[in-house]
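[1] The following block contains a protein sequence and its predicted model.
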Amino acid sequence: MPTSATKTSAKSTKSTARKSASSARRDSTPDAIDLLTTDHREVKSLFRAYDKLVKADGDAGEKQAIALQICVMLTAHATAEEELFYPAARDVLGDDADLVDEADIEHASAKELIAQIEAGSPDDDHYDAKVKVLGEYIDHHVKEEEGEMFPKIRKSDLDLDTLGEAIAERKAELMGQDAEPH
């Protein structure tokens, strides 16, 4: 017959198992803010690589490949933010919901440059300038998100783990990949 100590131990083991399963799920996919922040770092790295090629008078094909990778990443990132993150953010930001409005406008400006970059080639006039200005837009956007919006959302009761999973799945769908974080 189980003793009181055995029952307590079994309950503790079940609770620990549930926490471990929940933690494993979260460990496999970053929360929404961590996922978006990782995207910011990855695209910043691509902008730096592009800039190095420009300064070294690098190969036009390499420049175009990096520029198009930037465009694909930013398009998937922006779409996931607009469809999933921003609506959820707007719900919890209250008086600070104008941060989402500003982010939407910044996305619209970036999308115009993305379209021009995707339609052009490094041999076109102003191609390098367009990539550089897009990088500057993104730097500004990232500073506002990470400096203002993300800290306020982190303090809210928004389920960032579930939202992170949804964002990872949507980005993977948009980029034609499995839903594993990168």
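    Sure, I can see it. Owing to the predicted nature of the structure, the values given are computational and were not obtained by experimental measurement. Residues are numbered from 1 along each chain as shown.
[2] quick check: domain ranges of the protein?
    Structural domains annotated on the chain: 1-27, 31-175, as defined by automatic domain parsing.
[3] ok, and which of those domains has the densest surroundings?
    Neighbour counts (mean count of other Cβ atoms under 10 Å) averaged over each of those peak at domain 31-175, with a mean of 17. (Glycine included, C-beta is placed from N, CA and C.)
[4] Now do that domain: distance from first to last residue.
    19 Å (Cα to Cα, to the nearest Å).
[5] Take the domains of the chain and lay them out in a markdown table including mean pLDDT.
    A markdown table is the format used below for the domains of the chain (pLDDT from 0 to 100):
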| stretch | mean pLDDT |
| --- | --- |
| domain 1-27 | 45 |
| domain 31-175 | 96 |
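[6] most centrally placed residue in this protein?
    In the chain, the centroid-proximal residue (Cα atoms, centre = their mean) is Leu36; its distance is 2.5 Å.
[7] Ala78 is in contact with that residue, correct?
    No. In this structure, Leu36 is not within contact of Ala78 by Cβ atoms under 8 Å, at 10.5 Å.
[8] could you point out which element follows the helix or strand containing Ile70?
    When secondary structure is defined by DSSP states H and E, Ile70 falls within helix 60-80. Sequence order places helix 86-93 as the next helix or strand after helix 60-80, per DSSP H and E.
[9] between that next one and helix 60-80, how many degrees?
    Helix 86-93 and helix 60-80 are oriented at 50 degrees to each other (axes from the mean of the first three to the mean of the last three Cα atoms, to 10 degrees).
[10] Show me where this protein has its helices.
    4-28, 32-55, 60-80, 86-93, 98-119, 127-144, 150-154, 160-175 (DSSP state H).
[11] Counting by contacts, list what the shortest one packs against.
    I take that to be helix 150-154. Counting contacts by 3 or more Cβ pairs under 8 Å, 6 or more residues apart in numbering; DSSP states H and E, helix 150-154 packs against helix 32-55, helix 86-93.
[12] Reformat those helices as JSON lines; add distance to Glu118.
    Shown next, in JSON lines, are the helices and strands packed on helix 150-154 (distance: least, Cβ to Cβ, whole Å):
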{"stretch": "helix 32-55", "distance to Glu118": "14"}
{"stretch": "helix 86-93", "distance to Glu118": "23"}
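[13] Out of the ones you listed, the one nearest Gly120 is which?
    Evaluated with Cβ to Cβ, the helices and strands packed on helix 150-154 place helix 32-55 nearest to Gly120, the distance being 13.8 Å.
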